Every structure is written in structure tokens, then in C-alpha cells.
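**Student:** What would the 3D arrangement of this be:
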Amino acid sequence: MIVLNNVSASYLDGNTKKKVIENLDLVIKEKCNVSIMGSSGCGKTTLLKVIAGLKKIEEGSISYRGKKYNTPIPEISLLFQNYGLLDWKTAEENILLPIYLRRSQKDSEKFSQLVKDLGLEKCLHKYPSQLSGGEKQRVAIGRALMTECKFLLLDEAFSSLDFVTKERIQNHLKKVFMKRGVTIILVTHSMEEALFWGDKIIIFESSTSKTPHILENYKESCDKEDWKKKEKILKRIKRIQNEEIK
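**Tutor:** Numbering: from 1, shown residues only. A predicted model of the protein is given here:
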């Protein structure tokens, strides 16, 4: 479980320091996927970096399974939109990069099962320039999973894929993550993606609002009044998405 307690964080916009998260309390349980939505510049990626230990917080604390941290830890991996593959290494070498960096021994059985789960058997000897967008993404995810992470953070990971590829890959990956017990924290501008992945949805409604709205248990049945409240929040998500398209 990841716990953020009274967390505040900023980022530099040119030479200006911009506070985008203020006094945030958040609990992310294992096997409870989280979607993060909001307009550009509102703090979505900053929040991911904070959770990943890549961004220093100004106030508060963040802990994993009761232990505070402020630098990257193996249990939490972050995958950026551009995937960050090394162009001069094959798909296999990119996937195994965490093993090389740790100077550990390759577990051939685990590696083979991971490659099979991700459907990358025919891609291992190809270089990134020879891979499709979907294949690059799966290679990057394979590299993240080689760390045996418990939480995988995705920053607009599906935005560059066409609709058909995106739908196919998302359905496949969701099964892979469930099988491996990996919890997803996803930043997206797509309402459909947010609803597909998120058991919990965090909504930054504007760049001036530093405290997001958190929508939980929206998939569960509820009484009429409760549903009306949730319906209003879903409409806000749609409005955010429409604002991003303009």
C-alpha cells in the first residue's frame, strides 16, 4: 500500500515555481488500479513522479508498506509516454536492462514466461526502430516487470496508439497485470481509459485547484442519491476531456 500524507509539490514553469499539489492525502491499495485525469499543467505527471520517488516533496510524507521513501524503489516502476528504450539494444536487451544494472543472473524461466505473457516471442532480436508502437510499449512494460514491481505507473502510455491497437493491447495487458498482481496507476486524458483501468479515479479539475477530487467505488451499486453525485463527477471527467480536445 502507498500512502501520501499531507503532500505538497511543485514544478518549474519556465523560471516560475508552480505549486500543483497541496496537502494531499491519498491511499493506494494493492490490486486497486487508479486513473488520474485533469487538464494540462494541473499536476498529474508531478503526482506520478512523487509516487515514483523521482520528485522531491515540499511537505508531508510518502510511504510504501509503512516505510517512508523519497527516492525510487524497486517495487514502484514508472513508464513514460516515449517508453525510453535504448535504440542500440535489442528488445531482449532492453527488457533485461534491470538485470544487467543489478549485475544479477538472468532467470531464463521467468524471462521466457514474461515474454510469452506479453506476446513478444518474435520481437526479441529486433531493435526499437524495427518495432511497432504497440511492440515498443510491451517491451518497455516487460523491462518494468523484470524488476518484479508491485505498482506500475503509466504516463499517457496508450496515447500514441491507434484505436484498434489500443483496445486490443489494453485488454491483453489488463489480464497480464492481474495475473502478476501488478497495480496500475495511470495518467490519461481519455475518459474511456480512465473508466477501463480505474477502480479509483483522481480528478484534477483545473490548474488552479491543487486538491483533486477522488472518486472511489463508483463501479459498485449504490442508492439513487449517491449515484447522482457520482454521475456529476463523471460529467466533470467528460468536460475535462472536451477541454483537452479544443
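**Student:** Check the gap between V3 and S10 for me.
**Tutor:** 21 Å (C-beta to C-beta, to the nearest Å). All C-beta spots, glycine's among them, are computed from the backbone N, C-alpha and C.
**Student:** Over to T90?
**Tutor:** Distance, T90 to S10, by C-beta to C-beta: 39 Å.
**Student:** Next: G134.
**Tutor:** Taking C-beta to C-beta, one finds G134 at 35 Å from S10.
**Student:** For N6, which non-adjacent residue is spatially closest?
**Tutor:** Closest residue in space to N6, ignoring its immediate chain neighbours: G60 at 3.8 Å, by C-beta to C-beta, 6 or more residues apart in numbering.
**Student:** ok, how many other residues are close to that neighbour?
**Tutor:** G60 has 17 neighbours, counted by other C-beta atoms under 10 Å.
**Student:** swap in C42?
**Tutor:** Neighbours around C42, by other C-beta under 10 Å: 23.
**Student:** Then E121?
**Tutor:** 9.
**Student:** Just give me the neighbour total for the closest residue to it other than its chain neighbours.
**Tutor:** Excluding the flanking residues, the one nearest E121 by C-beta to C-beta, 6+ apart is V115, at 5.9 Å. V115 is flanked by 20 other residues according to other C-beta under 10 Å.
**Student:** Give me the pLDDT value at V115.
**Tutor:** Per-residue confidence (pLDDT) for V115: 92.
**Student:** let's number from 17 now, not from 1
**Tutor:** Understood, numbering begins at 17; the last thing we discussed is V131.
**Student:** That one reaches L140, doesn't it?
**Tutor:** Yes. With contact defined as C-beta atoms under 8 Å, V131 counts as touching L140 (6.8 Å).
**Student:** Going toward the C-terminus from the helix or strand hosting I67, what's the next helix or strand?
**Tutor:** For I67, the element it lies in under DSSP states H and E is helix 60-68. Using DSSP H and E, the helix or strand that follows helix 60-68 in sequence is strand 75-80.
**Student:** Give me the distance between that next one and the centre of its chain.
**Tutor:** Computed by C-alpha atoms, centre = their mean, to the nearest Å, the chain-centroid distance of strand 75-80 equals 19 Å.
**Student:** which helices and strands sit right next to that strand?
**Tutor:** strand 18-29, strand 32-44 (3 or more C-beta pairs under 8 Å, 6 or more residues apart in numbering; DSSP states H and E).
**Student:** Many thanks, I have nothing further to ask.
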